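> Give me a 3D structure for the following:
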Amino acid sequence: MQRFTISLDDALAERFDAWIAQRGYDNRSEAVRDLLRGTLQQSQLQDGKAAHCVACLSYVYRHHERDLAERLAALQHEHHDLAVSSMHVHLDHVHCLETVILRGPTAQVVQLADALCAERGVHHGKLNLVAVDLHERHRHGPGAAHMHLKPSH
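Numbers count the residues shown, from 1 in each chain. The predicted structure is shown next:
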């Protein structure tokens, strides 16, 4: 473990301490570590250096938009290797919220998310990506072999 010192002006330190307390961190070090991890991971994703990811895509859409629910489901089925699961919530008589869990090559996940959000009638699309490292394919006992995904650091 390495140590480093950082200087903050009083106003920034007070805002940071309030932010730390609001999120329940025990100390500044834990908060700084999480901020650094998040920033470095976002940089890795934006620079195209994260080959694989897991992601959560959420969007709101108009349920009665012509064939929209079917088009969204068809896109997910066409990419069944990327779309792991989805949850559908009725917000009112017209709008639905859908959350889709995705995993796979980052470029393909982003492309699918963009395609889903670009469908006419979809609003408020938001993709949250987490870079992952692939580990060896293996099995636990007699079951099928599988791959573990470990969040990148």
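
> tell me the pLDDT at residue 64?
Note on residue 64: pLDDT of 86.

> nearest residue to it other than its sequence neighbours?
Of all residues not flanking residue 64 in the chain, residue 94 sits nearest, at 6.3 Å (Cβ to Cβ, 6 or more residues apart in numbering). To be clear about C-beta, it is placed using only N, CA and C from the backbone, and glycine gets the same treatment.

> Surely the one you found and residue 63 touch.
Yes - shown here, residue 94 and residue 63 form a contact pair, counting by Cβ atoms under 8 Å, at 6.1 Å.

> Same drill for those two, tell me which one is more crowded.
Set residue 94 next to residue 63 and count neighbours by other Cβ atoms under 10 Å: residue 63 wins out with 15 against 11.

> What are the phi and psi values at that one?
Backbone torsions for residue 63, taken as degrees, to the nearest 10, come to phi -60, psi -40.

> isn't it right next to residue 98, touching?
No - between residue 63 and residue 98 there is no contact under Cβ under 8 Å: 10.3 Å.

> partners of the longest strand that the chain contains in the sheet?
As assigned by DSSP state E, the longest strand anywhere in the chain is strand 122-138. With DSSP bridges as the test, strand 122-138 is paired with strand 52-62 (antiparallel), strand 146-151 (antiparallel).

> Same question for the lengthiest helix in the chain: list its buried residues.
Secondary structure of the chain per DSSP state H: the longest helix is helix 28-46. Within helix 28-46, the residues that count as buried by 16 or more other Cβ atoms under 10 Å are 31, 41, 44, 45.

> Let's have the residues you listed in TSV, adding pLDDT and distance to residue 25.
Formatted as TSV, the buried residues of helix 28-46 follow (pLDDT from 0 to 100; distance: Cβ to Cβ, whole Å):
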residue	pLDDT	distance to residue 25
31	90	4
41	75	18
44	73	23
45	70	24
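
> can you count the residues close to residue 57?
Other residues close to residue 57 by other Cβ under 10 Å number 23.

> Perfect, I'm done here.
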